[in-house]
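**Q** Could you work out the structure for the sequence below:
(chains A and B)
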Number of protein chains: 2
Amino acid sequence: MNLRVFIATSLDGYIADKNEEIDWLHAIPNPYGDDMGYSDFMQEIDALVMGRNTFETVLSIGIDWPYEKPVYVLSNSLTEIPAELEGKVELVGGPLKEVLAELKAKGHYDLYIDGGKTIQSFLKEDLIDDLIITTIPVLLGGGISLFGELPMPLQFACFDTQIYLEKLVQCRYKRER
Amino acid sequence: MNLRVFIATSLDGYIADKNEEIDWLHAIPNPYGDDMGYSDFMQEIDALVMGRNTFETVLSIGIDWPYEKPVYVLSNSLTEIPAELEGKVELVGGPLKEVLAELKAKGHYDLYIDGGKTIQSFLKEDLIDDLIITTIPVLLGGGISLFGELPMPLQFACFDTQIYLEKLVQCRYKRER
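**A** This next block holds a predicted model:
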């Protein structure tokens, strides 16, 4: 399987600011709506795995459900999903390796792993294969970090970079095992 | 004046690991000794400003003094410098803006600001004009962070990137005021 991350962080590594806000993500003018590789990336994956926080954030935005691909929500506390998302969203839980075996059995090989805590959980078990990180060039000075503690260092290699909107930089990293 | 940072961090933003070690900085093979723009950068600056920690780290390496340009060590505790560094190193202290006025009066306009705490102090007063950050693509999972708390967010723009040794990525950011 191929477990992938596509996420934006501040220059100091935060995915949300001190007030848990993410408006700074969109502070740089984007007049032509450049998606910075997002739709191409979405074409390459089979399914998404996200945590409860990210799922609830997506729901709270109040837009139509934005994902065409199946979404698996990792949660030990949620017991049901909104009726209108039936067939689109499924709850999963338990050890990550068992979750992955379940998704593989369903024919999902390329997974988009999303949400800070979820990404950290997968990294702790060295299950992430590539990271596509778009750096919003702002120092927030505090907030919720993308990365967390790890039992051991994990080596990656940056193999591609691209500047967007003359200010943001996206780097693609592959895990080196 | 132009206050500049040239530094390497891990992918998770650390300048030293959990044991305060920096051997991971040199873990990626560099057979031809690529200096990743360091000597070009050193040609562009008039003087260095570093903290006591960085100064003592440089001394502890036990090599010949590596800097051709004048070095100013920010410290409120050091009272003297080793005799052999006289004329090369000078102690400075007090409010940063006064230190800068002093250096400007000496004809130093382009400064290399070095050392984690020192960089954080200058950022807190919004005194940094550009950042050249080389990302070593390893997740350390803990250590000493390059960036710290800030009284307010600071906007930069990434205007150049370069991949070195097929793995590291260097991004150049300019402060947008």
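**Q** Next secondary structure after the helix or strand bottoming out on mean pLDDT in chain A?
**A** Least confident helix or strand, chain A: helix A:52-60 with a mean of 92, by mean pLDDT, DSSP states H and E. Helices and strands here follow DSSP states H and E; after helix A:52-60, the next one along the chain is strand A:71-74.
**Q** thinking again about what came up before, buried residues, the least confident helix or strand of chain A. List them.
**A** A:Arg52, A:Asn53, A:Thr54, A:Phe55, A:Val58 (16 or more other CB atoms under 10 Å in any protein chain shown). The way it works is simple: take the backbone N, C-alpha and C, and place the C-beta from them, glycine included.
**Q** Quick one: residues contacting the closest residue to the third one other than its chain neighbours.
**A** Right, the one you point to is A:Thr54. Leaving out its chain neighbours, the residue that sits closest to A:Thr54 by CB to CB, 6 or more residues apart in numbering or on different chains is A:Gly115, at 3.4 Å. Shown in contact with A:Gly115 (CB atoms under 8 Å, 6 or more residues apart in numbering or on different chains): A:Met50, A:Gly51, A:Asn53, A:Thr54, A:Phe55.
**Q** again, but for A:Leu111
**A** A:Met1, A:Asn2, A:Leu3, A:Arg4, A:Ile45, A:Asp46, A:Ala47, A:Leu48, A:Val49, A:Leu100, A:Leu103.
**Q** The nearest residue to the first one once chain neighbours are set aside: what's it in contact with?
**A** Beyond its immediate neighbours in the sequence, the residue positioned closest to A:Met1 (CB to CB, 6+ apart) is A:Tyr109, lying 5.1 Å away. Under the criterion of CB under 8 Å, 6+ apart, the neighbours of A:Tyr109 are A:Met1, A:Asn2, A:Asp46.
**Q** For the nearest residue to the last one once chain neighbours are set aside, the count of nearby residues, please.
**A** Of all residues not flanking A:Asp46 in the chain, A:His108 sits nearest, at 4.2 Å (CB to CB, 6+ apart). Residues near A:His108, counting by other CB atoms under 10 Å in any protein chain shown, number 19.
**Q** Quickly note the distance from A:His108 to A:Tyr67.
**A** Using CB to CB, to the nearest Å, we find A:His108 at a distance of 13 Å from A:Tyr67.
**Q** One more: A:Ile128?
**A** Distance from A:Ile128 to A:Tyr67, by CB to CB: 20 Å.
**Q** So those two - more neighbours on which side?
**A** More crowded of A:Ile128 and A:Tyr67, by other CB under 10 Å: A:Ile128, with 22 against 15.
**Q** First-to-last residue distance for stretch A:142-161?
**A** Using CA to CA, to the nearest Å, the end-to-end distance of stretch A:142-161 comes to 26 Å.
**Q** anything in that stretch sitting right up against chain B?
**A** Yes - applying CB under 8 Å from any CB of the partner chain, one finds stretch A:142-161 touching chain B at A:142, A:146-161.
**Q** Which among the residues you listed count as buried?
**A** A:Gly142, A:Leu146, A:Phe147, A:Gly148, A:Leu150, A:Pro153, A:Leu154, A:Gln155, A:Phe156, A:Ala157, A:Cys158, A:Thr161.
**Q** and the most centrally placed residue in chain A, what does it touch?
**A** Nearest to the mean C-alpha position of chain A, counting by CA atoms, centre = their mean, stands A:Asp114 at 2.4 Å. By CB under 8 Å, 6+ apart, A:Asp114 lies in contact with A:Val5, A:Phe6, A:Ile7, A:Leu48, A:Val49, A:Met50, A:Gly51, A:Thr54.
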